[in-house]
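Engineer: sequence first, predicted model second:
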Amino acid sequence: MPDWLQNLIQTLILGLSIGAIYALIAVGYTMVYGVLRLINFAHGDVYMVGAMTAYFVGTAGFTVLSWPWWGSPLLWAPVFGAVFLAVFYGGGKGWALEAVRAFFVAAAALVFGGLISLWIGSMDKPGWAGVGLALVAAMVVCGALGMLIELLAYRPLRSSPRINSLITAIGVSMLLMYGGQAVFGATPKAFPAPVMDNPFLFQVGGISLGKIDAMIIGVTLVLMLVLRHIVLHTRTGLALRAVSHRFDTASLMGIHIDRIVSLTFVLGSVLAAAAGVLIACKFPSVNPLMGLMMGLKAFVAAVLGGIGNIAGAVLGAVLLGLIEVMVNTYVPGGSQWKDGVAFAILIAVLLIKPSGLLGGKAIEKV
Amino acid sequence: MSVAGGQLPLETPVRRHLSAPLVANWWVPLAVVLVVALAPWVEGGRGLLGMGGWDKFWAQIAIVVGINLTLAMSLQLINGIAGQFSLGHAGFMAVGAYIGGYAVPTHGGKLGAEDEMVAWVHPGGVLLYVVALGVVTVATAGVVFGLYKLVGLLGRVHKRGPAVVFGVLLAWLVVDIVTKGKSAGSNPLGAIAALGWGSAAVTGSFDWIMLRGVGAAEWVSGVTPAGYRQPACLVVSLLGGGVMAAMAGLVVGLPTLRLRGDYLAIATLGVSELIRTTITNSGPLGRATGLSVPTYSVDAEAGVSAVYFFPWVYGVAILTILVVWRIQHSPKGRALQCLREDEIAAGAVGIDVTAHKVLAFVIGAGLAGMGGALFAHYIGYINPKQFDLTKSIELVVMVTLGGLGSVPGTIVATVLLSLFQPALQTANQWMPAWAPGWATSGAELLNKYRLVIYSLLLIVAILVRSRGWLSFGRGKKA
């Protein structure tokens, strides 16, 4: 294999894993924008909180991990059962259907729980299990945080001009950032990333895929599939799409708007938390200001793909990740221009096609 | 213009008690500014330090307040009066700061320099630099705009034409770069070469002007009486920074002002970040480490230099306030407020929407550039980090809490918010010796969590009174 091709493929892999992180954050931006037409400035900081939670869990969690129950399906099956029940809950279509559903949920929970326990049980080092634990903890914390932010900061302003919500969002972002600085300290801290004898999943012909990169891409893929299922194949997802289509009409159709908006924030925040944990594994440094630039760039990705469109956000994020890594690798002095390129893309998209790559045409009514 | 009329009769009776004016007239803002501006001159303003009639601590705060007044007021013109929500004001501030901050030390010295303040003796050199830069910028913009128009004349360009060109260019660039290793633009043909020739032409003409203008510049400096050379340098620096920032505003505003609301906010944010990235990558401007700028000081004695800068800062601040206030109440200002309330209606009554928006943007950017130049000459050291999103947000908060569209409200909010941080920062020093222990430790907590308190207050303030706390009740309708 020629040298340049090898180099290129390696760069593409890196770009893909960065793009996956962007995608996890960008989806939160795009969903909130789709439902509320609000740029949730605090979203990048939710990601930061996710990384921070992971840091605390990661440092404190190693002692917890010696608990033998982590390797037991008896612990994991109910957890997955609850998750699946929440995801697949249909809401009263007759007891027979519910019974069948409950059976499948229980079966899936057992299978997944067994798999997880097998996985953890097979660990010789606690690193990966710690990451899994941190992932779950960060998702729970950030989900609650996202719900709280919406409830306290955005809901009271829903009927006032959008600019006010934007400023509140900036305020929440500052609160999280400075609050993080007060709690966490302003200096970056090292995240206890998993320790590995061999950091590569495989190495073929000079091309190597790191385990962390593989994990980032894999976790993102799984989360995106779950999200896709929720949005496209559940009644809640239908309600979410309806609210995003027409806010007022959806409420006339009997959809509980507040609940859907809450759910949107929870989903977005959970994904951002995952992104925070994954990036902390990739670049093991956590600091309270890490959410600012990352959030902005993920927002650029959402705009690039067409804001309000989930598939678009993923596409835009992957593109942005690839472009950024390419610029970093191939353009001389490119690492300095990396952030600038993202914003240049933003301006170009806003000027040429403000609705983004996959966005529909917005019709403005007078 | 009868439709606009400044205030639309759409005041909703509900919640009127909340939108009632807290600041009923100009006397309150005037009094607040006077107190801040005069505090340093009061004997022993703080802690009876015995610094004579001049308190250094208060002087620094007062100067920061003055600079913030200029910046916030210029943003009020864009965000409040014209209703074009900009999140990139720090970018224009940076342009002003870097033009002034680069021109004065590099071109303002060496005219028979006799003392240590070499940077401030050659106003002609600074003027020449600014003029050359302006001429070259205008010429380049003209050529680019002309080419654009020419393409338009050559035939009907497809709407997506630019997008296609952009994509092809990008793809070609990637292919070229990837196949040829790390030598970007090694291809003598194509757009990169054109860009290269273009930049060569630009720098060439700049050098040409600089070379030819040396005589004239020296004549200007020679004509200026020795005592007036330093103020002349400062004036040229301020005006140059302002004019260049206004040009940047024009270049940015023409395309981006098509966008509305939060899209515009994000676009301006992107532009200011781009400006910052460009500065970070510019060698002469000191990259990320920053640039040392000569401060304006007649006397090098410690703690006194601010005295001489004081009138300049407040002069510019008052000028900005006057300009914005008079624009607001001029026919143009009525038109701006009309298009803020409803762009389509404004177009329908014959207001040139684009022209007015761009006008407000250019004036606001220019004033912010002057504020930036003042900042550079006050702080003495500028780096790109000082002009990041946080600065823009700080200004937006001042404008919003002051009430969008309310000039006196913005003055009060700017002064109070500028005082907020230093007040909490020094809260423990304010404690008298007999204060109980819990008060002192509480003051230290205030200092530690001041930024958290600040952001909490911001959220609560917006939630409780979304039209701005200090507005006249004339702000944008809720």
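Structural biologist: Now that the structure is in, tell me what you want to look at.
Engineer: how many neighbours does the closest residue to residue A:211 other than its chain neighbours have?
Structural biologist: Closest residue in space to residue A:211, ignoring its immediate chain neighbours: residue A:201 at 5.0 Å, by Cβ to Cβ, 6 or more residues apart in numbering or on different chains. Every residue, glycine included, has its C-beta placed from N, CA and C. By other Cβ atoms under 10 Å in any protein chain shown, 13 other residues sit near residue A:201.
Engineer: which stretch of helix or strand covers residue A:201?
Structural biologist: For residue A:201, the element it lies in under DSSP states H and E is strand A:200-204.
Engineer: ranges for the helices of the stretch 1-150 of chain B?
Structural biologist: Shown for the stretch 1-150 of chain B, the helices assigned by DSSP state H, counting those that start in this stretch span residues B:16-19, B:27-38, B:56-75, B:89-107, B:123-153.
Engineer: go on, the stretch 351-478 of chain B?
Structural biologist: Per DSSP H, counting those that start in this stretch, the stretch 351-478 of chain B carries helices over the ranges B:353-379, B:389-402, B:407-425, B:427-430, B:437-448, B:450-464.
Engineer: helix or strand: which one has the residue lying closest to residue A:176 once chain neighbours are set aside?
Structural biologist: Spatial nearest neighbour of residue A:176, chain neighbours left out: residue A:45 (3.7 Å); criterion: Cβ to Cβ, 6+ apart. Applying DSSP H and E as the criterion places residue A:45 in helix A:43-64.
Engineer: now swap in residue A:318 and tell me
Structural biologist: Assigned by DSSP H and E, residue A:318 belongs to helix A:310-330.
Engineer: still on that earlier bit, go ahead and confirm the residue nearest to residue A:176 touches residue A:181.
Structural biologist: No: in this structure residue A:45 lies outside contact range of residue A:181 using Cβ atoms under 8 Å: 11.2 Å.
Engineer: now find how far off-centre stretch B:216-228 is within its chain.
Structural biologist: Distance of stretch B:216-228 from the chain centroid (Cα atoms, centre = their mean, to the nearest Å) equals 29 Å.
Engineer: next, the buried residues of that stretch.
Structural biologist: Of the residues in stretch B:216-228, B:217, B:218, B:220, B:221, B:224 count as buried by neighbour count, 16 or more other Cβ atoms under 10 Å in any protein chain shown.
Engineer: so which of these belong to helices?
Structural biologist: Counting by DSSP state H, the part of the buried residues of stretch B:216-228 found in helices is B:217, B:218, B:220, B:221.
Engineer: return the member of those residues nearest to chain A.
Structural biologist: Minimum distance to chain A across these is 33.8 Å, recorded for residue B:217 (Cβ to the nearest Cβ).
Engineer: next, the residue of the stretch 1-150 of chain B found nearest chain A: phi, psi?
Structural biologist: Closest to chain A within the stretch 1-150 of chain B is residue B:85: 5.5 Å, counting by Cβ to the nearest Cβ. Dihedral pair for residue B:85: phi -70, psi 110, per degrees, to the nearest 10.
Engineer: pretty sure it sits against residue A:164.
Structural biologist: No: taking contacts as Cβ under 8 Å, residue B:85 lies outside contact range of residue A:164: 10.8 Å.
Engineer: ok, residue A:45 and residue A:181, which is more surrounded?
Structural biologist: It is residue A:45, of residue A:45 and residue A:181, that has more neighbours when counted by other Cβ under 10 Å, with 31 against 18.
Engineer: okay, the closest residue to residue B:410 other than its chain neighbours: pLDDT?
Structural biologist: Distance criterion Cβ to Cβ, 6+ apart; nearest residue to residue B:410, sequence neighbours excluded, is residue B:402 at 3.6 Å. Predicted confidence (pLDDT) for residue B:402: 84.
Engineer: for residue A:328, same thing?
Structural biologist: At residue A:328, the model reports a pLDDT of 86.
Engineer: and for stretch B:61-73, what's in contact with it?
Structural biologist: Identification of contacts with stretch B:61-73 by Cβ atoms under 8 Å, 6 or more residues apart in numbering or on different chains yields B:33, B:36-37, B:39-40, B:89, B:93, B:306, B:309-310, B:313-314, B:316-317, B:320-321, B:324, B:367-368, B:370-372, B:374-375, B:378, B:395, B:398-399, B:402, B:407, B:410-411, B:413-415, B:417-419, B:422.
Engineer: pick out the residue of chain A closest to chain B.
Structural biologist: At 3.2 Å from chain B, residue A:340 is the closest residue in chain A, using Cβ to the nearest Cβ.
Engineer: go through the helix or strand where residue A:218 lies and flag the buried ones.
Structural biologist: Secondary structure assignment for residue A:218, by DSSP H and E: helix A:211-233. Using 16+ other Cβ under 10 Å as the test for burial, helix A:211-233 gives A:211-213, A:215-217, A:219-220, A:223-224, A:227, A:230-231.
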